[in-house]
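J.: dropping a prediction and its sequence here:
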Amino acid sequence: MLPKLDQLIVEFDKGVRTLLAPAHSRRPHPDQDIPDCELSDAERKHAARLMRINHCGEVCAQALYQGQALTARDPANQHAFTEAAFEEIEHLAWTERRIHELGGRTSLLNPLWYTGSLAIGITAGLLGDKWNLGFLSETEQQVARHLEEHLQKLPEHDQKSQAILAQMKTDELHHAEQADEHGAAPLPAPVKALMKLSSKVMTRSSYWL
Ligand SMILES: [Fe+2]
Ligand SMILES: [Fe+2]
């Protein structure tokens, strides 16, 4: 199902805001009660770069959910993912604020990854709801695994960043479950491998840029 013009305008507006405007969180930030700790310059830089990767991942999530919303055939599916999309905006807000606290900046490549993810999301959506949901479920599972890796890589005493990533991981696994409950089809192995490869390119490049 091709998206209607008014839907396209709404989603275009969301895209511009994702890339340019600060995101807001309805839930309290997971690190808000945790005091900041002393980090060396190297640790701070490393943590800011890891959080930049996660922020970039959330920009991609915005685009994927927009692609899903634009193409979902079943209105129940569209509705089910409104809540998940809200949580992705919160993830954007949490990572963005933490990057700035650590003295870092968001990725210069965000517009590129946003556009690519939107194209992928729309393509997956046009293949039909079960493939669209399969793609979302696999993405969320890969993101959760990647967050677990980052939880190991962050400086141990950076409890603030750890708290943010831990809550994000819980949310992403829930999003995957939701997609599965709505009838996600398991993706063929080569597609999963390709997704892993492209996420590797994204993580490597946004660590530096
Ligand atoms: Fe997320
Ligand atoms: Fe998610």
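T.: Arrived safely, thanks for sending. Ligands and ions are numbered 1, 2, ... in the order given.
J.: only C-alpha atoms for contact and neighbour calcs from this point on.
T.: Will do.
J.: tell me where this structure has helices.
T.: Counting by DSSP state H, the segments of the chain that form helices are 5-20, 41-71, 75-101, 110-126, 129-153, 159-181, 189-208.
J.: tabulate those helices (TSV), appending distance to residue 28.
T.: Conversion of the helices of the chain to TSV gives the following (distance: least, CA to CA, whole Å):
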stretch	distance to residue 28
helix 5-20	20
helix 41-71	18
helix 75-101	9
helix 110-126	25
helix 129-153	20
helix 159-181	11
helix 189-208	27
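J.: from the ones you listed, which stretch is densest packed?
T.: Among these, the stretch with the highest mean neighbour count (mean count of other CA atoms under 10 Å) is helix 41-71, at a mean of 24.
J.: that helix - what's its average pLDDT?
T.: On average, the pLDDT along helix 41-71 is 90.
J.: likewise stretch 118-132?
T.: 84.
J.: give me the contacts around it.
T.: For stretch 118-132, contacts defined as CA atoms under 8 Å, 6 or more residues apart in numbering pick out 1-2, 60, 63-68, 70-74, 135, 183-187.
J.: quote the end-to-end distance of that stretch.
T.: 12 Å (CA to CA, to the nearest Å).
J.: how far off centre is it?
T.: Distance of stretch 118-132 from its chain centroid, counting by CA atoms, centre = their mean, to the nearest Å, is 17 Å.
J.: tell me which residue is most central in this protein.
T.: residue 58 (2.5 Å; CA atoms, centre = their mean).
J.: tell me the contacts of it?
T.: 88-89, 91-92.
J.: in these, find the pair that's most separated.
T.: The distance between the two most remote of the contacts of residue 58 (CA to CA) is 6.3 Å, for 88 and 92.
J.: quick revisit: can I get the contacts of residue 58 in a markdown table including distance to residue 120?
T.: Listed next are those as a markdown table, based on distance: CA to CA, whole Å:
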| residue | distance to residue 120 |
| --- | --- |
| 88 | 17 |
| 89 | 19 |
| 91 | 21 |
| 92 | 20 |
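J.: rewinding a little: right, and the helices of the chain - which one's nearest residue 34?
T.: helix 159-181 (6.1 Å).
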